[in-house]
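Everything below, folded, please.
(2 chains)
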2 protein chains.
Amino acid sequence: MSTQGSGAPIDASGAVPAPIGVFDSGVGGLTVLRALRDALPAEDFIYLGDTARLPYGTKSPETVERYSLQCAEALWVRGIRCLVVACNTASAFSLDALRRRYPDIPVIGVIEPGAAAAVAVSGSQHIAVIGTEATIAAGAYQAAIQRLNGAARVTAAPCSLFVAMAEEGWIEGPIAEAVAHRYLDPIFSATAPAAPAAEVPDTLVLGCTHFPALAAVLRRVLPVTVHIVDSAATTAAAVARRLPARTGSGHTQGTVRWLATDGAARFARVSGIFLGTTLRVGDIEIIDL
Amino acid sequence: MSTQGSGAPIDASGAVPAPIGVFDSGVGGLTVLRALRDALPAEDFIYLGDTARLPYGTKSPETVERYSLQCAEALWVRGIRCLVVACNTASAFSLDALRRRYPDIPVIGVIEPGAAAAVAVSGSQHIAVIGTEATIAAGAYQAAIQRLNGAARVTAAPCSLFVAMAEEGWIEGPIAEAVAHRYLDPIFSATAPAAPAAEVPDTLVLGCTHFPALAAVLRRVLPVTVHIVDSAATTAAAVARRLPARTGSGHTQGTVRWLATDGAARFARVSGIFLGTTLRVGDIEIIDL
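Predicted structure coming up:
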């Protein structure tokens, strides 16, 4: 298969396994890809950023589902053995449809792993979730947490400006701190020391793939006792659990094929904030959906 | 024509004139519509917000042109006698194509009127322009200003966070001021009093339709001598000049038909920030492009 990188591990039959497909509405999902590569360094990946149509966060459920099916199909026709939906909005609205369309491969979103990690780590079972408007309005994290523990309490809040700040690279400094305080102080009631403990969440789920870029500033703004759950890392762990154990060399670095629907120059420039390394424009193939 | 509002003035022939079509990538163009209704209160309008595909500011020129032609066609088939492109990115990339496609009606963008107003008002002919990444990168304001005065100097800077701030309604207060300072202080060098006068622009063009929502905070942050050119008001004046003089009652309030490509609830909720009055969800018709 021409899209295979030469670094892929060889399985017991000698065949080169297909890569893992990852899609997002844009560049934020690169935080998930980064976590996946850390967890599964020998795997090959195809990443698709639907940059022509970002953000999904302000679109209707029907539109998000339609776009997600188109993204998944673009990965499927290139040959994948697992599909990771690295976009909270798409995970909220599209997982059922994607699992029906591709019943033979694992389809893993970012919401269920994040919800499971939050329930596992929270002592009080009062969990805060922040994300885009659509993710929060869809209530998918809230529902996923309460499926795991019906007695859990969830405080959810949209933090739209964090997306623009992360893409601008304003991930440190007084403005980032002021914006974080404005969004988070009302949730964590730092000014209400007399509040009963259960009134204040002890766990914060970063329910948008852009937000791990702001992790340092969020850590400073939050009470020290609050656990931060990064959906990127928890999703990568969930993918690692779902894939069959591999034989062959596990030490070869896998490859990534980069697809986007528009704006290779911007994709490359912004990639560094989320991926940790900056791509070259020539690395990115533009496709039409 | 069934889409005509009853408030339209009747021209000399007795026919009800077609409305003015206005499109934007989303809700920001409502600042232009508001200025148009102030300038032409008896006119009927059709406003189309391409909310399913916003923002245009991060998309490629080819994609923006294609989307603009689709928006214009959706207005054209409903009957319009003038087309206003109330989106800076679409004005930067699509005016030529739109004028070729619709040679029989005036097609007016927001860039040329803003550029003309800036050249008219600036004493030093050193003009600053702020907008989205794509508007600034396209250089359309810079080119339009220099077509009018080849000796003019233009300092242009993208201010992406202003869009998210306006949509969030954070248009006043310390965060809005801090962000405005971060973007504008380097341009207006308030900390460099010894700089020669020509080094500091004396005029600021708000090259994004979202930015008039932030006018009050920008006014406070800028040196008092800086002129602010609001593209919405200047575009409305340009449209008023292009339309034939009307006979008939000019005192009847015209109507607006509202179209969007997605998310009527969000469109209605955010409308108040840009339009001054808040729409009801039922006022907005969702169409597919």
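
which ones are touching the residue nearest to residue A:259 when sequence neighbours are not counted?
Of all residues not flanking residue A:259 in the chain, residue A:48 sits nearest, at 4.3 Å (CB to CB, 6 or more residues apart in numbering or on different chains). (C-beta placed from N, C-alpha, C; glycine too.) By CB atoms under 8 Å, 6 or more residues apart in numbering or on different chains, residue A:48 lies in contact with A:21, A:22, A:23, A:24, A:71, A:74, A:75, A:259, A:260, A:261, A:287.

For PyMOL, write a command that selects the buried ones of those residues.
Typed into PyMOL, the line below selects the buried ones among the contacts of residue A:48, using 16 or more other CB atoms under 10 Å in any protein chain shown:
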select buried, chain A and resi 21+22+23+24+71+74+75+259+260+261
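
Closest one to residue B:114 out of the contacts of residue A:48, please.
Minimum distance to residue B:114 across the contacts of residue A:48 is 30.5 Å, recorded for residue A:261 (CB to CB).

Enumerate the residues of the stretch 51-200 of chain A near chain B.
A:51-54, A:58-60, A:63, A:133, A:160-161, A:163-165, A:167-168, A:170, A:174-175, A:178-179, A:182 (CB under 8 Å from any CB of the partner chain).

lowest average confidence, helix or strand, in chain A?
For chain A, the helix or strand with the lowest mean confidence is helix A:133-138, at a mean of 84 (criterion: mean pLDDT, DSSP states H and E).

any low-confidence regions in the stretch 151-289 of chain A?
Low-confidence segments of the stretch 151-289 of chain A (pLDDT under 70): A:190-198, A:244-251.

Going along the chain, name the helices of the stretch 51-200 of chain A.
Along the stretch 51-200 of chain A, counting by DSSP state H, counting those that start in this stretch, helices occupy A:61-76, A:88-101, A:111-121, A:133-138, A:140-148, A:161-168, A:174-188.

Quick one: those helices as a markdown table, columns for distance to residue A:252 too.
Output for the helices of the stretch 51-200 of chain A, formatted as a markdown table (distance: least, CB to CB, whole Å):
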| stretch | distance to residue A:252 |
| --- | --- |
| helix A:61-76 | 22 |
| helix A:88-101 | 30 |
| helix A:111-121 | 26 |
| helix A:133-138 | 36 |
| helix A:140-148 | 35 |
| helix A:161-168 | 32 |
| helix A:174-188 | 38 |
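
For the closest residue to chain B within chain A, grab the count of nearby residues.
The minimum distance from chain A to chain B, using CB to the nearest CB, falls at residue A:164 (3.7 Å). Per other CB atoms under 10 Å in any protein chain shown, the neighbour tally for residue A:164 reads 20.

So if we follow the domain assignment, how does chain A break up?
Structural domains assigned to chain A are A:20-109+A:235-286, A:112-230, following automatic domain parsing.

and the end-to-end length of the last one?
Taking CA to CA, to the nearest Å as the measure, domain A:112-230 stretches 12 Å from start to finish.

How about stretch A:166-182?
Per CA to CA, the first residue of stretch A:166-182 is 16 Å away from its last.

how much space between residue A:266 and residue B:27?
23 Å (CB to CB, to the nearest Å).

Of those two, give the one with the bigger neighbour count.
With neighbours defined as other CB under 10 Å, residue A:266 and residue B:27 compare such that residue B:27 has more, 29 against 22.

Pretty sure the more buried one sits against residue B:163.
No. Contact between residue B:27 and residue B:163 fails when scored by CB atoms under 8 Å: they sit 10.3 Å apart.

what's residue A:170 in contact with, if anything?
Contacts of residue A:170 (CB under 8 Å, 6+ apart): A:176, B:161.

actually residue A:264, sorry about that
Residue A:264 touches A:281, A:284, A:286, counting by CB under 8 Å, 6+ apart.

Ramachandran angles for the nearest residue to it once chain neighbours are set aside?
Distances taken as CB to CB, 6+ apart place residue A:284 nearest to residue A:264, at 4.2 Å, with adjacent residues excluded. Main-chain dihedrals, residue A:284, degrees, to the nearest 10: phi -110, psi 130.

Confirm for me that residue A:284 is in contact with residue A:259.
Yes. Counting by CB under 8 Å, residue A:284 does reach residue A:259; the two are 7.4 Å apart.
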